[in-house]
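[1] here is the input, now give the coordinates:
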Amino acid sequence: MKNDVLAYTYNYYDEQYTTIRASKPLSAGKHEIKCTYQKQDGNTGKVTLYVDGAQVGQGTIDKVVLAKYSISEPFDVGVDNGGSVARKEYTSPFRFSDTLDWVRFDMGAAAGP
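    Now for the predicted structure:
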């Protein structure tokens with residue numbers, strides 16, 4: 001989230017960055033934010049962003065890491081304590097300045113709202 005715009009950035013080995021952004025800023029108040037990832041043929045993936053069940057952004061990641069990784073990066077929610085994902089956008093430590101009421105991860109779930 002930057003300037004009230006929801007964004008997802010994928011960092012491919014610090015060589016290629018892909019950012020998918022919402023089409024408009026988030027309005028004030030509580031929202032349900034969702035990001036889905038679908039593996040595509042080859043070494044690609046599709047990311048779709050939703051706010052309150054409505055699609056607000058979508059894009060393709062041209063190169064994805066084909067294995068689990070990171071020895072040195074933690075799995076952070078609401079804060080980035082390791083190296084920043086989008087190196088030119090922000091530096092770590094970076095903390096979400098509002099409140100996260102809950103977070104849910106579904107592995108292998110179907111895409112869509």
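
[2] from here on, just use CA atoms for contacts and neighbour counts.
    Noted.

[3] any idea which helix or strand in the protein has the lowest mean pLDDT?
    Ranked by mean pLDDT, DSSP states H and E, the helix or strand of the chain with the weakest confidence is strand 79-80, at a mean of 68.

[4] element containing Asn43?
    Asn43 belongs to no helix or strand when assigned by DSSP states H and E.

[5] and what of Val85?
    Val85 belongs to no helix or strand, assigned by DSSP H and E.

[6] and the nearest residue to it once chain neighbours are set aside, how many neighbours?
    Closest residue in space to Val85, ignoring its immediate chain neighbours: Asn11 at 5.9 Å, by CA to CA, 6 or more residues apart in numbering. Counted with other CA atoms under 10 Å, the neighbours of Asn11 add up to 18.

[7] with Leu6 instead?
    21.

[8] give me the phi and psi for it.
    Main-chain dihedrals, Leu6, degrees, to the nearest 10: phi -70, psi 140.
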